[in-house]
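>>> Sharing a model prediction with you, sequence too.
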Amino acid sequence: METMSKTRVLLLLVVVGVVGIGVGVLIGYFSRGSARASPEFADLLSEGDAWVAEALREEISADNIRENLRYLTSGPHLAGTPDSKAYADWVVQKWWEQGLDSAYITDYNILLSYPDADNHSYIALLDENGVERFQTSVFEEAVDEETQASLHTLVQPFNAYSAPGTVTGDVVYVNYARVDDFERLRDQLSIDVTGKVVIARYGKIFRGEKAKYAQQFGAIGLILYTDPKDTVGSGGERDFYPNGWYLPGTGVQRGNVLNSAGAGEPLTPGYPAKDYMFRIEENETDALARIPVHPIGYSDAWHILNAIGGRDAPADWAGGLNITYRLGPGFDTASWARSITMKINVQNERRDIFNTVGVIRGRVEPDRYVILGNHRDSWTLGAVDPSSGTAVMVEITRAFMEMVRRGWRPRRTLIFCTWDAEEYGIHGSVEHVEEFHRILGERAVVYINVDTAVRATYTLRPRISPSARQEVREATKRLPWPETVPEGSTMYDVWRKRSPIDPNDPDTKPNIKLLGSGSDFAGFLHRVGISCIDLSFTFDPALGVSNYPLYHTGYETFHLQADIIDPGFKFNRGIAQLWADLALAFSDPVILPFDLKEYADYLWVMHSDLMAEYGTDLTNHGVSADTLESAISNFTDAAQSFHGRLQHIDKKNPFEVRMYNDQLMQLERAFIDPLGLPGRPFYRHTLMAPSKHNKYVSDPFPGLSDTIFDAERSTDAAAAWREVAKQMSIITFNIQSAASTLMTPA
């Protein structure tokens, strides 16, 4: 026993000695301050290889992007169909061939929506005997060999998640079907749309909100059409597709009318649509339309609008058709039409969708993710939306793997995703965020999105979280504009001169918009609080069009992108270079390139805009913004102090580096309110969210904007303005809380 006791004592002394030596080594190493790092820590503390940035840019091939797009537009890829799954398999196969560390597919079972292939939807005008004397077209018209070959393979124009059914009655023209339009009809023009079919032009707001407001104001059906004023702009007939990018009269914009308010797939709101997940019934969600909704081309819309009677529409409601725009209700006495009927055969059904994920593992911080995303599904062939982005992504992964073969590997992990069912309501990416939100909240550095890579070649249109803005500016200074132009040689030169904040300031910065919704960054930013960047080349606003005119039509062909928009694929290559450069900028440096002073600056801009628009109303109702101003001031001081300390960081201390990087990465999360915005619990970012009345754009301080909008229309003003005061306090708290995350850790 005595011998065993001595043995135990000896063993204990040995263990203590080893531990002591280990602790001593660590203390000795990190107490050396700025001393040279030992070889075993060299890679841990080194910046990325300097040669990679230029080599990566040069490696990206316009010809490869062109051939990727040629394949991606060879057939339809509507979500939930075998065609869409085949394209997912193609992407994963490409990634395995390129040598990514991992590539796989994830699936979800979600509620989708399709027209009845055997019982087509249409709209008809009826005469006094109830005879249908005019019917809208079921399919778009072929205008060249490419559309002759492809249009019969595409889904007929429809609005996903429309209610099915037949409705008949009078018709009223409601302009863009915004809240203000319906209120103007009711309050100023004494026109009640209750029990009427309404016809509205696309544009200004999300089509689903048009359906929601039509339903709220009592309409029994909604017809959507694309007006020439919004899609032809300054173009002439010679510029119509296939000769140019303008919309022929037979072109029809497809699209969903789901109002999920950020909840994702409508039957599993807030949770991933896996087989094991509980599902609510369709009649238990407010996301689905309760009235029939159907889109038509402006050639068909002419027949309906020209037949409408009643008073002339206000001058600012007149579109670009060669008719007198009238409001209704009812029909002009000169017309034979006496009623309108909508026969809509659209059915919802659950089907599987498929995301693809590819991974290049980080060499130092594999648990920090720089994520690149693009959706893969399309209503038609999708030469612009989204296949231009998919074609670019597959070339970017090839170029990155060529860098790996030359000996480079990113410091942090690069993750590449192509999402399914974005067109139905951003489903694929939101389901991914719902399934993995805890991992993403801990590990995601930034999400960089490209939906439509090139819709035109006039200027750059990035939407960026404030803290990432300066790095995007720097990236555009490193890259050339894809062609020779008088404004300058770099992307930054041309961008800032063609899209200036202040056209009268020769030193102006380029204009950058907030992130709204309408693409796959939404779940990452609004649900989790991950800094996001969204990139695209776009058109000159002076053209007078609301979007690229062939959006979601059967005319989004390879010919459109390859011969009309971007011959030579120079701009597709340019967006690929920018996307790759930013991925490198966030994945390779020791210190993440976020600039939190930019966030402080933008908070002041948001405050100024708030007070300019609502300051008087706030004062009149006793809602003080003093605490908000104080919180922004505190955040500004904290951001400046943080960056001051960052200049003196010991980059040879990996623990200190990690601490500062985590503060930079997590700052966006500090603006997330777990309770969400008023009435919209799945939009949780308190500084930016899609407008409650137009999800395509972002409202600054959305909780305030929403409640002020409601208060101005409330019958109980006192209670409504108390809610405004509550939202003011919540925003103030979140900004102050964000400032506290930047303090020196205890």
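Okay, I see it.
>>> you'd agree Ile123 is up against Val293?
No. Here Ile123 does not reach Val293: they are 11.0 Å apart, not a contact under CB atoms under 8 Å. The C-beta positions use only the backbone N, C-alpha and C, and glycine is treated the same way.
>>> any low-confidence regions in the stretch 201-350 of the chain?
233-238 (pLDDT under 70).
>>> just so I have it, where are all the helices in it?
207-216, 228-231, 298-307 (DSSP state H, counting those that start in this stretch).
>>> check contacts around the residue most central in space within the chain.
Residue closest to the average C-alpha location in the chain (CA atoms, centre = their mean): Ser519, at 2.4 Å. By CB atoms under 8 Å, 6 or more residues apart in numbering, Ser519 lies in contact with 375, 422, 426, 449, 451, 534.
>>> go with 6 Å
Residues near Ser519 by CB atoms under 6 Å, 6 or more residues apart in numbering: 449, 451.
>>> Confirm that it sits in a strand.
No. Judged by DSSP: H, G, I helix; E, B strand; the rest coil, Ser519 forms no part of a strand; its state is coil.
>>> lowest-confidence helix or strand of this structure?
helix 2-30 (a mean of 43; mean pLDDT, DSSP states H and E).
>>> in what helix or strand does Ala53 lie?
helix 52-59 (DSSP states H and E).
>>> Now do that helix, average pLDDT.
Taken as a whole, helix 52-59 has an average pLDDT of 98.
>>> could the helices of the stretch 201-350 of the chain be laid out in a markdown table, adding mean neighbour count and distance to Tyr599?
Supplementary listing: those in a markdown table, determined by neighbours: other CB atoms under 10 Å; distance: least, CB to CB, whole Å:
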| stretch | mean neighbour count | distance to Tyr599 |
| --- | --- | --- |
| helix 207-216 | 23 | 29 |
| helix 228-231 | 22 | 35 |
| helix 298-307 | 21 | 44 |
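>>> Among those, which comes closest to Leu687?
helix 207-216 (21.9 Å; CB to CB).
>>> now what about the closest one, what contacts it?
Helix 207-216 has contacts (CB under 6 Å, 6+ apart) with 177, 179, 182, 198, 200, 222, 255, 257-259, 289-291, 293.
>>> Among those residues, the buried ones, what's the ChimeraX command?
Only the buried entries of those go into this ChimeraX selection, using 16 or more other CB atoms under 10 Å:
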select :177,179,182,198,200,222,255,257,258,259,289,291,293
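>>> Out of the contacts of helix 207-216, the closest to Ala718 would be?
Nearest member of those to Ala718, counting by CB to CB, is Val179, at 22.7 Å.
>>> Next, that closest one: phi, psi?
phi -50, psi -50 (degrees, to the nearest 10).
>>> Report the contact partners of it.
Contacts of Val179 by CB under 6 Å, 6+ apart are 213, 693.
>>> How about Trp317?
Asn175.
>>> give me that answer again for 10 Å
Applying CB atoms under 10 Å, 6 or more residues apart in numbering to Trp317 gives the contacts 173-176, 181, 184-185, 201, 325-327.
>>> try Gly195
167, 169-170, 218-220, 329.
>>> Most neighbours out of those residues, which is it?
Ala219 (27 neighbours; other CB atoms under 10 Å).
>>> I figured it hits Thr194, correct?
Yes. Counting by CB atoms under 10 Å, Ala219 does reach Thr194; the two are 7.5 Å apart.
>>> Give the rounded mean pLDDT of stretch 568-576.
Taken as a whole, stretch 568-576 has a mean pLDDT of 98.
>>> Go through that stretch and flag the buried ones.
Quick answer for stretch 568-576 (16+ other CB under 10 Å): 569, 571-576.
>>> Restricted to helices, list these.
Of the buried residues of stretch 568-576, the ones assigned to helices by DSSP state H are 571-576.
>>> which residues sit in contact with the closest residue to Ile735 other than its chain neighbours?
Nearest non-adjacent residue to Ile735, counting by CB to CB, 6 or more residues apart in numbering: Ala631, 4.1 Å away. Neighbour list for Ala631: 603, 607, 731-739 [criterion: CB under 10 Å, 6+ apart].
>>> Sort out for me which of the residues you listed are in helices.
Those of those lying in helices (DSSP H): 603, 607, 731-739.
>>> List only buried entries from those.
Buried, going by 16+ other CB under 10 Å: 603, 607, 731-732, 734-736, 738-739, out of the ones in helices among the contacts of Ala631.
>>> With pLDDT and distance to Pro486 added, can I get those residues in a markdown table?
As requested, these are exported to a markdown table (pLDDT from 0 to 100; distance: CB to CB, whole Å):
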| residue | pLDDT | distance to Pro486 |
| --- | --- | --- |
| Leu603 | 97 | 36 |
| His607 | 95 | 38 |
| Ile731 | 96 | 44 |
| Thr732 | 97 | 47 |
| Asn734 | 96 | 45 |
| Ile735 | 97 | 43 |
| Gln736 | 97 | 48 |
| Ala738 | 97 | 43 |
| Ala739 | 97 | 44 |
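>>> now the helices: where do they sit in the stretch 51-200 of the chain?
52-59, 62-72, 82-98, 145-150, 179-187.
>>> The shortest one: how far from the chain's middle?
Going by CA atoms, centre = their mean, to the nearest Å, the spacing between the C-alpha centre of helix 145-150 and its chain's C-alpha centre is 30 Å.
>>> With just CA atoms, put it into PDB.
Taking C-alpha atoms only, helix 145-150 is exported to PDB below (Å, rounded to 0.1, in the frame of the first residue of the first chain):
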ATOM      1  CA  GLU A 145     -37.100  30.600 -83.400                       C
ATOM      2  CA  GLU A 146     -36.000  30.500 -79.800                       C
ATOM      3  CA  THR A 147     -39.400  31.300 -78.400                       C
ATOM      4  CA  GLN A 148     -41.000  29.000 -81.000                       C
ATOM      5  CA  ALA A 149     -39.000  26.200 -79.500                       C
ATOM      6  CA  SER A 150     -39.300  27.100 -75.800                       C
END
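>>> buried residues in it?
Result for helix 145-150 [16+ other CB under 10 Å]: buried residues 146-147, 150.
>>> ok, and for stretch 312-326, which residues are buried?
313, 317, 319-321, 325-326.
>>> for the residue nearest to Ile735, helix, strand, or coil?
helix.
>>> how close does it get to Phe158?
For Ala631, the distance to Phe158 (CB to CB, to the nearest Å) stands at 47 Å.
>>> and if you look at Ala142?
19 Å.
>>> Counting neighbours around each, name which of the two comes out higher.
Using other CB under 10 Å, the more surrounded residue of Ala142 and Phe158 is Phe158, with 24 against 17.
>>> check contacts around the more buried one.
Phe158 touches 113-116, 120-121, 252, 254-256, 293-295, 344-346, 379, counting by CB under 10 Å, 6+ apart.
>>> So which of those are in strands?
113-115, 255-256, 293-295, 344, 346 (DSSP state E).
>>> which one of those residues has the most neighbours?
Neighbour max across the ones in strands among the contacts of Phe158 (other CB under 10 Å) = Val293, 29 neighbours.
>>> who's in contact with it?
By CB under 10 Å, 6+ apart, the neighbours of Val293 are 158-163, 200, 207-208, 210-211, 214-215, 219, 221-224, 255-257, 342, 344, 346.
>>> the strands in the stretch 401-550 of the chain, which residues?
412-419, 444-449, 459-460, 463-464, 480-485, 488-490, 532-534, 537-538 (DSSP state E, counting those that start in this stretch).
>>> Which among those strands is found nearest to Ile65?
strand 480-485 (12.1 Å).
>>> and the closest one, how far from the chain's centre?
Worked out by CA atoms, centre = their mean, strand 480-485 lies 27 Å from the chain centre.
>>> roughly how far apart are Tyr458 and Asp505?
Where Asp505 is concerned, Tyr458 sits at a distance of 20 Å (CB to CB).
>>> Thank you, goodbye.
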